[in-house]
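Asker: pasting the sequence and the predicted model now:
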Amino acid sequence: TALIYSMVPSLSTKGHDAAGHPNDVEQDDVRELPKRKDNDCRIGCSLCQLPHGLRVYMEQPISMGGISLALLYLNALTFGGLMTGFLVWRGMKFETIGVWRGISGAIGLMGTFAYHESVKRMTIASTGMWSIVFQFSCISISYASLFVTDYMTSLSMLIGGVCLSRIGLW
């Protein structure tokens, strides 16, 4: 950092941006986190500041798009290479994995039709809400499968949750 400050000396003074130009932001425009009282948080970490951070994030005009993208990536549990490798490691045959991949694809197509029917009967916002809740519920079942000790029950929960979550994706 000393090298950077020697190359661009204006960076070492407050009130300048990265290019060295004076910053036009008023001091009142900068949001600060609320002061924490000693009794407010017993954990002693930044977890107490999470509600404020979420509130600031949700005030951004692009926040819903960011949440939508995050939920899309939440469904990374597909029958791609990673899931296939995991199932093979757990002892499942390639033929069985192929059948489940086909079923998952068919269920994904059902999600397209479910979306179409849902938009005809409800608003698009309501459709989005039920699909998010449904997808999250299915992914939760897949997550819970990690804590089940019975081999067949665990795989059934994982595969069932992943297959059904494809409906909520679309």
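Answerer: Okay, I see it.
Asker: tell me where the chain is predicted with low confidence.
Answerer: 1, 11, 14-47, 69, 71-78, 169-170 (pLDDT under 70).
Asker: surely Ala106 is within a strand?
Answerer: No - per DSSP: H, G, I helix; E, B strand; the rest coil, Ala106 lies outside any strand segment and is helix.
Asker: quickly find the element holding the most centrally placed residue in the chain.
Answerer: Most central in the chain under CA atoms, centre = their mean is Ala70, positioned 3.4 Å from the mean C-alpha point. Using DSSP states H and E, Ala70 sits within helix 63-74.
Asker: how far is stretch 93-107 from where the chain is centred?
Answerer: Chain-centre distance of stretch 93-107: 25 Å, with CA atoms, centre = their mean, to the nearest Å.
Asker: who touches it?
Answerer: Contacts of stretch 93-107 from elsewhere in the structure, counted by CB atoms under 8 Å, 6 or more residues apart in numbering, are 78-79, 84, 87-88, 159, 162-164, 166-167. Placement of C-beta: from N, CA and C, glycine included.
Asker: take these and keep only those in helices.
Answerer: 84, 87-88, 159, 162-164, 166-167 (DSSP state H).
Asker: most neighbours among these, which one is it?
Answerer: Neighbour counts for the ones in helices among the contacts of stretch 93-107, by other CB atoms under 10 Å, peak at Arg166, which reaches 24 neighbours.
Asker: can you tell me the closest non-neighbouring residue to that one?
Answerer: The spatially closest residue to Arg166, leaving aside those adjacent along the chain, is Gly108, at 4.0 Å (CB to CB, 6 or more residues apart in numbering).
Asker: now do the helix or strand where Met129 lies: which elements does it pack against?
Answerer: Element membership of Met129 [criterion: DSSP H and E] is helix 124-144. Secondary-structure packing of helix 124-144 (3 or more CB pairs under 8 Å, 6 or more residues apart in numbering; DSSP states H and E): helix 63-74, helix 94-121, helix 151-169.
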